[in-house]
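Participant: Any chance you can model this:
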Amino acid sequence: MALHYKQPKYYDKFSCIGGKCTNSCCAGWSIDWLKNEVEKLKNAECSAELRSVVEKSFQPKAAHFCIVLKDNNDCPFHNDEGLCMIQKELGEEYLSITCSKYPRRMVIHGQTVTRSCSCSCPAVLDLLFEDSSAMRMEVKNIHSDFKSTVGMVNDTQERVDKTPVLFFREQIGDFYNKIITDKNISLETAIILGALASKRFTDVADSDKVIEIPAIIKEYDGKLRDKATIKAIEDIKANREIQFKLVNNLAVTFFSRLMPFDLSVLHDGERVISEKYEKGMELFAETFKGREYFLKNLAANILLDFYMPFFDIEHSILENYIYYALTVAAFKVMGAAIALKSENIEADFKHAVSMLSRMMFHSPDEAKKVMDYLGKVGINSAAHVAFIIK
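Facilitator: Model prediction:
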């Protein structure tokens, strides 16, 4: 079946950097293996060393097996060179499908397949940071029979019938990408504009009028070019206190064990210290002078990481979008904190983005909890997005 493949420009450039990786996917994740994958590996001709590791490294889990991590939380096949013993000795074809596909993701919608790579992979971040056009979407015609569903979301007819707004996934996704990557407006203004549209998308979805979505997209395409609208959004004053509290609550309430950065440098125990926050943002901006595009690239790729705006189909488009905006805000606050403390701002920021991405993008259950929490504390409107992101 011939399909239209849509993907960011960087996609075909991605390749695993192995032992050079600063946040290996071979550490911290107990990967599921299918029964036939384990059997294939156990029947392979290999060294006595690899055979010994294979025999003691898989634990039955329902119909699957999972990797038994070492005491240091590393995969038992991750060697001292930072390489996979299986791939090095037997080749990629003996890896689990999860290992061989990561960090690639895809969404099948009709005849279109949207492919991307997750920001949790440091090699992907390098690509986003080095090319201003990395997130330019390209279309290719490729034949595929999809032998694996790992990292895949498929909008089947049954799924679309149950949630009709999914019919417009592609148009909504293209709209978000267009505004976030627009070079004529700031990232913050773009995200707020997207929030206003998300509110409208949610309203028509709730009232069974999803057929109006193309008209809403056209309307907000017009607002993107309307100077008065853009100026009104840009004139909204930043509220560092609300932004910091939300990001800090995200860190403390949901990800305290694994949080890759310390925000204490930005507050006095009760409130954010505005002067320090501004100084941190200044240093952060200086670090990436000439590459200011990177934050937009990052924000645009996060849209794909979240299968936006349907990361959690049980929550509304607006609720998904608020979670997205909070993630981008977390990266901004994190950047300011790192800039005040780090001797290698870029390297430490990339590592922190990779770590936080693991939690935000690869833990759907945690995402549901965060969305529920935001609703519970009343962060549930497009207006709140302005406070979150400014």
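Participant: which of the residues in the helix or strand bottoming out on mean pLDDT in the chain are buried?
Facilitator: In the chain, no helix or strand scores lower on mean pLDDT, DSSP states H and E than strand 137-143, which sits at a mean of 83. For strand 137-143, burial by neighbour count (16 or more other Cβ atoms under 10 Å) applies to M137. C-beta: built from backbone N, CA, C; applies to glycine.
Participant: what's in contact with that strand?
Facilitator: For strand 137-143, contacts defined as Cβ atoms under 8 Å, 6 or more residues apart in numbering pick out 1-9, 11, 174, 177.
Participant: repeat that with 10 Å
Facilitator: 1-12, 112-116, 173-174, 177-178, 181, 300, 304 (Cβ atoms under 10 Å, 6 or more residues apart in numbering).
Participant: Just the residues you listed: which are in helices?
Facilitator: 173-174, 177-178, 181, 300, 304 (DSSP state H).
Participant: Rebuild these as JSON lines, extending it with pLDDT and neighbour count.
Facilitator: As requested, the ones in helices among the contacts of strand 137-143 are exported to JSON lines (pLDDT from 0 to 100; neighbours: other Cβ atoms under 10 Å):
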{"residue": "G173", "pLDDT": "96", "neighbour count": "22"}
{"residue": "D174", "pLDDT": "95", "neighbour count": "13"}
{"residue": "N177", "pLDDT": "96", "neighbour count": "21"}
{"residue": "K178", "pLDDT": "95", "neighbour count": "17"}
{"residue": "T181", "pLDDT": "95", "neighbour count": "21"}
{"residue": "A300", "pLDDT": "97", "neighbour count": "25"}
{"residue": "L304", "pLDDT": "96", "neighbour count": "26"}
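Participant: ok, those residues vs A63, which is closest?
Facilitator: Comparing the ones in helices among the contacts of strand 137-143 against A63 with Cβ to Cβ places L304 closest, at 29.7 Å.
Participant: need the contact list for the closest one.
Facilitator: 7-8, 11, 105-107, 114-119, 135, 137, 173, 176-177, 361.
Participant: how about a cut-off of 8 Å?
Facilitator: So L304 contacts 8, 105, 114, 116 (Cβ under 8 Å, 6+ apart).
Participant: Pull the residues that contact stretch 179-194.
Facilitator: Outside stretch 179-194, the residues touching it (Cβ under 8 Å, 6+ apart) are 135-136, 175-176, 220, 223-224, 229-230, 233-234, 236, 295-297, 299-300, 303, 321, 325, 328, 382, 385-386, 389-390.
Participant: from those residues, which would you call buried?
Facilitator: For those, buried by 16+ other Cβ under 10 Å: 135, 175-176, 220, 223-224, 229-230, 233, 295-297, 299-300, 303, 321, 325, 328, 382, 385-386, 389-390.
Participant: what pLDDT does the residue lying farthest from the centre of the chain get?
Facilitator: Here the chain reaches farthest from its C-alpha mean at A48, the gap being 39.5 Å by Cα atoms, centre = their mean. pLDDT for A48: 94.
Participant: Give the buried residues for stretch 35-45.
Facilitator: Result for stretch 35-45 [16+ other Cβ under 10 Å]: buried residues 37-38, 41, 44.
Participant: how would you label the spatially closest residue to E81 that is not a sequence neighbour: helix, strand or coil?
Facilitator: The spatial neighbour of E81 that comes closest, neighbours along the chain excluded (Cβ to Cβ, 6 or more residues apart in numbering), is G19 at 4.9 Å. The three-state assignment at G19 reads helix, by DSSP: H, G, I helix; E, B strand; the rest coil.
Participant: G19: neighbouring residues, count only.
Facilitator: 13 (other Cβ atoms under 10 Å).
Participant: what do you get for T22?
Facilitator: 15.
Participant: The one 10 residues further on now?
Facilitator: For D32, the tally of surrounding residues (other Cβ under 10 Å) stands at 17.
Participant: Show me the beta-bridge partners of the residue nearest to it when sequence neighbours are not counted.
Facilitator: Excluding the flanking residues, the one nearest D32 by Cβ to Cβ, 6+ apart is H64, at 4.8 Å. Beta-bridge partners recorded for H64 (DSSP bridges): L34, K61.
Participant: Do you know the pLDDT at H64?
Facilitator: 88.
Participant: Do I have it right that it meets I31?
Facilitator: No. Taking contacts as Cβ atoms under 8 Å, H64 lies outside contact range of I31: 9.9 Å.
Participant: residue contacts, the closest residue to L125 other than its chain neighbours?
Facilitator: Nearest residue to L125, sequence neighbours excluded (Cβ to Cβ, 6+ apart): K350, at 4.9 Å. Contacts of K350 were listed using Cβ under 8 Å, 6+ apart, and they are 22, 122, 125-126, 129.
Participant: One more: L166?
Facilitator: 109, 155, 159-160, 310, 313.
Participant: Now which of these would you call buried?
Facilitator: 109, 155, 160, 310.
Participant: can you redo these as CSV with secondary structure, distance to V377 and pLDDT?
Facilitator: Output for the buried ones among the contacts of L166, formatted as CSV (DSSP: H, G, I helix; E, B strand; the rest coil; distance: Cβ to Cβ, whole Å; pLDDT from 0 to 100):
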residue, secondary structure, distance to V377, pLDDT
H109, strand, 33, 92
D155, coil, 32, 92
V160, helix, 32, 95
F310, coil, 23, 95
